[in-house]
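A.B. asks: Everything below, folded, please.
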Amino acid sequence: MTQIVQSTLLMSLGLGTMMTFASTHWLLAWMGIEINTLALIPLMVQNPHPRAVEAATKYFFAQTVASALLLFATFSNSYLTGTWNIPLMSHPTPMALCILALAMKVGLAPLHTWLPEVMQALDLRIALILSTWQKLAPLYLMYQIPLTNSNILLTLGLLSIIVGGLGGFNQVQLRKILAYSSIAHLGWMILILSISPPLTLLALYTYLLISTSLFLSLMLLRAKHISSLSTSWAKIPTLTAILPFILLSLGGLPPLTGFAPKWLITMELVKEGMTLMALIAILSSLLSLYFYLRLFYTTTLTTPPNNLPGTLPWRFHPRHNTLVPALTITATITLLPLTPTILAYLTW
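C.D. replies: Sure thing, here's the model as predicted:
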């Protein structure tokens with residue numbers, strides 16, 4: 001794939017998302033999501049090995065079903081209410097269909113089965129786009145829909161947290177683990193969406209930051225399997241020492257940045273009288289913490305059986321840009337004290 005074609009596809013990704021952000025009409029928002037989807041598929045198969053083609057085909061079919069359901073729901077809403085305006089959607093049936101279609105777009109449980117299989121076959125750079133940028137447009141539409149009944153969102157959110165925790169238990173491929181981690185974090189966002197939208201934005205921004213820093217770190221280490229993390233100390237020792245903090249931040253442990261959204265969401269659920277739901281969400285997040293600790297253990301407490309002779313890779317000058325990973329990793333670890341300021345900005 002030439003640089004011109006790749007740049008055009010990346011610009012189309014941005015154009016589709018921005019088009020959805022700027023739309024209040026359902027058809028324009030739907031067109032933006034479709035531009036976004038169709039721009040990503042050629043990027044998936046830029047290295048046309050069979051697994052990448054299979055992943056692109058699965059992604060295409062899953063997104064096609066979700067897009068058809070979304071278009072049907074918007075047509076039904078215009079027929080029943082006489083409006084195409086997103087914030088004016090009022091009929092409960094089209095509203096529920098739209099939520100389910102958008103849930104399939106982002107990979108919420110129980111409509112998540114395509115996401116781990118697609119992520120597993122992708123390059124880390126494209127997997128980063130799929131787990132971060134591709135979530136923005138559907139989540140924006142879910143944010144805009146005026147809900148009259150929040151039970152569907154609460155059910156999807158709680159089920160996603162449970163499935164995301166259980167699904168990563170027996171995985172050894174890093175991309176599948178990150179896919180189930182994405183499902184669990186999306187569950188936290190959707191769980192609080194109908195109660196406190198600013199907390200959803202806080203959880204989304206925090207996840208984007210931590211996920212970006214983790215993917216960039218794995219790209220620098222060239223790690224795709226848990227066992228490959230045991231040799232990362234010979235590649236970039238400094239990054240290997242910092243990687244456990246990124247994993248613990250993704251798991252939501254204090255005093256790291258990832259603790260803020262889970263802490264605030266739990267407090268808000270308890271305030272709303274949903275103590276049992278908050279308890280289930282916390283216990284399910286401990287399942288996710290288990291496989292983060294597996295990565296922590298493999299990275300820091302295991303070494304390969306033999307040390308290869310010759311100059312260690314970290315002695316060479318780095319060929320990759322390290323500024324962006326350094327900035328995102330610093331923010332991933334140190335932003336917890338700024339949580340009140342960030343939340344005040346989001347609620348302003």
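A.B. asks: For burial, what's the neighbour tally of Tyr79?
C.D. replies: Other residues within reach of Tyr79, judged by other CB atoms under 10 Å, total 10. C-beta coordinates here come from the backbone N, C-alpha and C atoms, glycine included.
A.B. asks: any idea how far Pro94 is from it?
C.D. replies: Distance, Tyr79 to Pro94, by CB to CB, to the nearest Å: 9 Å.
A.B. asks: So the protein: which segments form each domain?
C.D. replies: 1-148, 150-304+322-348 (automatic domain parsing).
A.B. asks: Can you redo those as JSON lines, where the extra columns are mean pLDDT?
C.D. replies: Formatted as JSON lines, the domains of the chain follow (pLDDT from 0 to 100):
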{"stretch": "domain 1-148", "mean pLDDT": "90"}
{"stretch": "domain 150-304+322-348", "mean pLDDT": "88"}
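A.B. asks: For burial, what's the neighbour tally of the closest residue to Met44 other than its chain neighbours?
C.D. replies: In this structure, Met44 finds its nearest non-sequential neighbour in Ala56, 4.1 Å apart by CB to CB, 6 or more residues apart in numbering. Other residues near Ala56 come to 21 when the count uses other CB under 10 Å.
A.B. asks: List phi and psi for Ala56.
C.D. replies: phi -60, psi -40 (degrees, to the nearest 10).
A.B. asks: isn't it right up against Val45?
C.D. replies: Yes - under the criterion of CB atoms under 8 Å, Ala56 makes contact with Val45 at 4.9 Å.
A.B. asks: quick one on the thing from earlier: residue contacts, the residue nearest to Met44?
C.D. replies: 41, 44-45 (CB atoms under 8 Å, 6 or more residues apart in numbering).
A.B. asks: repeat that for 10 Å
C.D. replies: 40-45, 48, 118, 121-122, 126 (CB atoms under 10 Å, 6 or more residues apart in numbering).
A.B. asks: PyMOL command to pick out the buried ones of those?
C.D. replies: To isolate the buried ones among these in PyMOL, judged by 16 or more other CB atoms under 10 Å, type:
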select buried, resi 40+43+44+45+118+121+122+126
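A.B. asks: Between the contacts of Ala56, which sits nearest Lys135?
C.D. replies: Proximity of the contacts of Ala56 to Lys135 (CB to CB) peaks at Leu40, which lies at 12.2 Å.
A.B. asks: Please identify which helix or strand holds the closest one.
C.D. replies: Assigned by DSSP states H and E, Leu40 belongs to helix 26-44.
A.B. asks: buried set for that helix?
C.D. replies: For helix 26-44, burial by neighbour count (16+ other CB under 10 Å) applies to 26, 29-30, 32-37, 39-40, 43-44.
A.B. asks: now stretch 164-180
C.D. replies: 164-165, 167-168, 171, 174-180.
A.B. asks: Ok, stretch 44-57 next?
C.D. replies: By 16+ other CB under 10 Å, the buried positions in stretch 44-57 come out as 44-45, 52, 54-56.
A.B. asks: now swap in stretch 60-71 and tell me
C.D. replies: 60, 62-63, 66-67, 69-70.
A.B. asks: Out of those residues, which sit inside helices?
C.D. replies: 60, 62-63, 66-67, 69-70 (DSSP state H).
A.B. asks: number of nearby residues for the residue nearest to Thr132 when sequence neighbours are not counted?
C.D. replies: Using CB to CB, 6+ apart and skipping the chain neighbours, the partner closest in space to Thr132 is Leu208 (5.2 Å). Other residues near Leu208 number 17, with proximity taken as other CB under 10 Å.
A.B. asks: thought Leu208 was touching Lys135?
C.D. replies: Yes - if you go by CB atoms under 10 Å, Leu208 and Lys135 touch, sitting 8.3 Å apart.
A.B. asks: what sits in contact with each of those two?
C.D. replies: With CB under 10 Å, 6+ apart, Leu208 and Lys135 have common neighbours His185.
A.B. asks: my guess is Leu336 meets Leu256, correct?
C.D. replies: Yes - using CB under 10 Å, Leu336 is in contact with Leu256, at 6.4 Å.
A.B. asks: These two: which is more packed in?
C.D. replies: Leu256 (21 against 16).
A.B. asks: which residues touch the more buried one?
C.D. replies: So Leu256 contacts 210, 245-250, 332-336 (CB under 10 Å, 6+ apart).
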